[in-house]
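**Q** Below is the structure, and that's it, no one-letter string:
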């Protein structure tokens, strides 16, 4: 029976490890391969405190959690600068350094022999020495970590993490700072993994460097991938399967080393087979929004809130002004002394032939690139020096030509992410002010639905964004912009690639944005569309503003016509 | 100062080994886009095949070495045909291919262990001399390791420069889409690249077999060093791989000058960790 | 009657994910003529020609080359059979020398004599490529890179040459130069040419036929002459 309890404890430890790993790899999409070093930190913190200083549980665990959280932030530093393969090799190097350190710092870690004699956990006056005694505590922490992970996943914070995974600059464009999210994701993931380490040290009363190698990281990775990347319940299932499966090998009564090797073969083969035939894992990532949405709506109904209106913007006159903008790329002048004034309540078009500098002018106006000379002001204040997400918060939002939707998230979530001032974006609020977060989430749900109704996508709220038609995707881009609450909206080719019928459906939405007091600016090539939707236009060519005025007047100018069709 | 010369020589020798590994790894990555973690265990396969040919088949060492290199090339090509090609054809995201490769690493490493056991395999009847350079001793195998880098490096450079396949490979490293547009059969070239890259690691493997013996887990550290050296030098650049390997070997070796040799790898990884954070795309510009 | 079309595009449709970006388009490319494909950004021009050449799957319809179906055939087969493509935006190997770039056009040519002849032709057309033969392609100007890209295609010895926006990003003087060289190629080598363009002024006078796309559909297929009138053009843009 003790054997069964022991398996239970091992499963609990791996549940903690795989769930916490899934937070960085699955939710945040940060491919760092150093998870075993957090595990090691927790284990060694407990062992060293216990063996050297006589400090036991729970203080030993707390030290491990905080320390591993800090280590997590250190690993996050390269992740802020590089991605992809470089993050993989840098984190692997980090993992190697950790393993090496454990093996060599004899005085502190006991070197290759490790540290023996870690005191067992004493709870309510009893030492938890047998697997049977230990199991309840292990299960308790596994459940706790799962619940923490789940709360995080379902919070606005988790939503923003997943959005960041899909598209980082799109997350910036709705006013969020990816740096803070990355740092916290790593810190939480590391801190939670340290819990498993601490339990492990007290449970087997021994720690050694061989338990925390890269192979261990790969093993945990296999659990995450088998269960399903981005699905925390999947990680639980993955951990259970991959702990139990090799146990079956024991029935064959092989020598232990051969059994170990066969276990490695199974893990390796498993990774390949899953990714070949079911890359989403046993339990694919889910979207729990519908269920939550229903219960939130019920709460709102109880307090009498059921509708939410999209606010009109009370503004007039010039809002965003670019004066004497100048931008060089190498030796090429892309924008040359251009002055562009956007006014509230009207749709302004930037037109001109290809390569005229429209997109560069657009990026200058939205602060995505900086000017060489000239200044962009918003309500007479310079926006120079503000970072992209700060510019969005100040009231200027942009869209991208290539849409950059959060494609594997629902339509509703795409809009929810973009809503400003969310208490649940802060991790402390998620865990310590849950009522505030929940209440605001309920209101935001109404807001998001109102925004979707505004553009005519209410019916599609629960669809994944990648199931939308192209026209619907374009509408969702507009919805996401509206959701930011910005009063100046700049749209990069919002209408390109649409057939005439769909165009007629979308044009009114854009007109309405301006009619309600917003400042709208767009780039468009289609001449009849420009004449239909724009009140005013700037004609750019060779980086200069050649003319401005009502678009149909501009397009009747033979010289401008000639340039357009050159 | 007296310690410095042997340390320096040792660094160059180990660096040559890493450079050889980095060349093959970097070539595969730059041409096909695959982060081929299984490069490590495939390299181990060469060591074991060589060992088996020498001890079981009693072949002369040079012939056994050939068996190891060819066998290793075949396994490398098989991993492309049987595994990576499907994912590449289906436009799988890079990280999926990377994890697949980790899976293959686990699979082959442990299969070797099951087949050959975990004790070190050594070949004893290969004799080599000792030479004195100043106060330092260099073994014949160490000279072979440096020579292998020179020969393979020059050979590969000539191959890339003068042969049709060499130009296809450079074309693919430069611009995959254009390579398809001018009608290069990119899958066939990829196959060749897996063969050559793995074969190069096979040369390194058979020399390390003589020097240190073979262990099932030898592949992981090998691919790790190859990856590091290739990234430090600039992924896909041939001179970069050589420079990256030598830097890695020297940093690791000279680090010991003032600190206990236990800290050798820690120092090397620590320095590289900082280099990579400072300059993630490597010192030389790759393709 | 002798069929005079080297390439027939029959009701071809192409999808990007769940979106149809080219919607059942048909046209013929006549032998020894220049066909101009026009349309604004996002009209589907590039996707269309890339799919015809085998770089992107065709969802429906058929492509015939010399009266034989070549729908979704590999680029390698197309090049072998005399169908070459010059992609948008300097289709060259930047880290390779000019000479090496040109030689990569001869992947499927084994006769040294042919290679020498073609090299001669290309150097006559673009003397600059001869002067710069040892220079890395990436260090040349945009116009020179475009000439090199066309040169690579000519080394393949094509009967049909498709150029995707060959003048994009070039200064007006170079635009005319590139267009003139394409006309010269057509006339001296007897090629059939498809030019995808946004710059109309330079290419319209040399075209024998024009196809205009708008949001994935064909809105014009006919002679270039009527389009010289800007007001007429505006109907299709």
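**A** Okay, I see it. Quick caveat: nothing in here was measured; it's all calculated off a predicted structure.
**Q** Write out the residues of chain B neighbouring chain C.
**A** With Cβ under 8 Å from any Cβ of the partner chain as the criterion, chain B meets chain C at residues B:164, B:167-168, B:170-171, B:173-175, B:177-178, B:180-185, B:287. Yep, even glycine has a C-beta here, placed from its N, CA and C like the rest.
**Q** Now the buried members of those.
**A** Buried by 16 or more other Cβ atoms under 10 Å in any protein chain shown: B:167-168, B:170-171, B:173-175, B:178, B:180-185, B:287, out of those.
**Q** Filter those residues down to the ones in helices?
**A** Counting by DSSP state H, the part of those found in helices is B:167-168, B:170-171, B:173-174, B:178, B:180-181.
**Q** who does the top helix by length along chain C touch, helix- and strand-wise?
**A** As assigned by DSSP H, the longest helix anywhere in chain C is helix C:172-189. Applying 3 or more Cβ pairs under 8 Å, 6 or more residues apart in numbering or on different chains; DSSP states H and E, one finds that helix C:172-189 contacts strand C:34-38, helix C:112-125, helix C:142-155, strand C:192-197, helix C:200-203.
**Q** Which strands or helices does the last one pack on?
**A** Pointing back at helix C:200-203 there. By 3+ Cβ pairs under 8 Å, 6+ apart, helix C:200-203 packs against helix C:172-189.
**Q** which one of the buried ones among the residues of chain B next to chain C is nearest residue C:36?
**A** Taking Cβ to Cβ as the measure, residue C:36 sits nearest to residue B:181 out of these, at 21.1 Å.
**Q** List the contacts of that closest one.
**A** Going by Cβ atoms under 8 Å, 6 or more residues apart in numbering or on different chains, residue B:181 touches C:53, C:55, C:75, C:79, C:85, C:87, C:91.
**Q** Turn those into a markdown table, including secondary structure and pLDDT.
**A** Putting the contacts of residue B:181 into a markdown table (DSSP: H, G, I helix; E, B strand; the rest coil; pLDDT from 0 to 100) gives the following:
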| residue | secondary structure | pLDDT |
| --- | --- | --- |
| C:53 | helix | 95 |
| C:55 | coil | 92 |
| C:75 | helix | 93 |
| C:79 | helix | 94 |
| C:85 | strand | 96 |
| C:87 | coil | 94 |
| C:91 | coil | 88 |
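**Q** For ChimeraX, what selects the buried ones among the residues you listed?
**A** The following ChimeraX line selects those of these that are buried, judged by 16+ other Cβ under 10 Å:
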select /C:53,55,75,79,85,87,91
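**Q** What residues of stretch B:67-87 count as buried?
**A** Neighbour counts using 16+ other Cβ under 10 Å place B:67-77, B:79-80, B:83-85, B:87 of stretch B:67-87 among the buried residues.
**Q** Excluding sequence neighbours, find me the nearest residue to residue A:382.
**A** residue A:375 (5.6 Å; Cβ to Cβ, 6 or more residues apart in numbering or on different chains).
**Q** for the longest helix along chain B, packing partners?
**A** Selection of the longest helix in chain B by residue count, based on DSSP H, yields helix B:4-32. With contacts defined as 3+ Cβ pairs under 8 Å, 6+ apart, helix B:4-32 has these neighbours: helix B:39-55, strand B:136-139, helix B:140-162, helix B:164-174, helix B:186-212, helix B:218-233, helix B:238-254.
**Q** Compute the inter-axis angle for that helix and helix B:238-254.
**A** 140 degrees (axes from the mean of the first three to the mean of the last three Cα atoms, to 10 degrees).
**Q** now helix B:4-32: mean pLDDT?
**A** Helix B:4-32 carries an average pLDDT of 94.
**Q** buried stuff in it?
**A** Buried residues in helix B:4-32, counted by 16+ other Cβ under 10 Å: B:6-32.
**Q** how does chain A divide into domains?
**A** A:2-211, A:288-313+A:402-485, A:317-395+A:491-503+A:516-566 (automatic domain parsing).
**Q** Out of these, which is closest to residue B:259?
**A** Nearest of the domains of chain A (Cβ to Cβ): domain A:2-211, 10.1 Å.
**Q** Is chain C within reach of the closest one?
**A** No - counting by Cβ under 8 Å from any Cβ, chain C is not contacted by domain A:2-211; separation bottoms out at 14.9 Å.
**Q** what residues are up against residue A:217?
**A** For residue A:217, the contact set (Cβ under 8 Å, 6+ apart) comprises A:33-36, A:95.
**Q** Just the element for it, please.
**A** helix A:214-227 (DSSP states H and E).
**Q** quick one: that helix to helix B:218-233, angle?
**A** Relative orientation of helix A:214-227 versus helix B:218-233 (the same axes, to 10 degrees): 90 degrees.
**Q** any idea which helix or strand comes after helix A:214-227?
**A** helix A:232-249.
**Q** Flag the shaky bits of chain A, pLDDT-wise.
**A** Along chain A, segments meeting pLDDT under 70 span A:83, A:287-294, A:300-315, A:565-566.
**Q** Could you state which residue of it sits nearest its centroid?
**A** residue A:161 (2.3 Å; Cα atoms, centre = their mean).
**Q** Now do the SS call for that residue.
**A** Under DSSP: H, G, I helix; E, B strand; the rest coil, residue A:161 falls in the helix class.
**Q** before we move on, back to that, how about the domains of chain A, which one is nearest residue B:58?
**A** Comparing these by their distance to residue B:58 (Cβ to Cβ), the top pick is domain A:2-211, with 36.7 Å.
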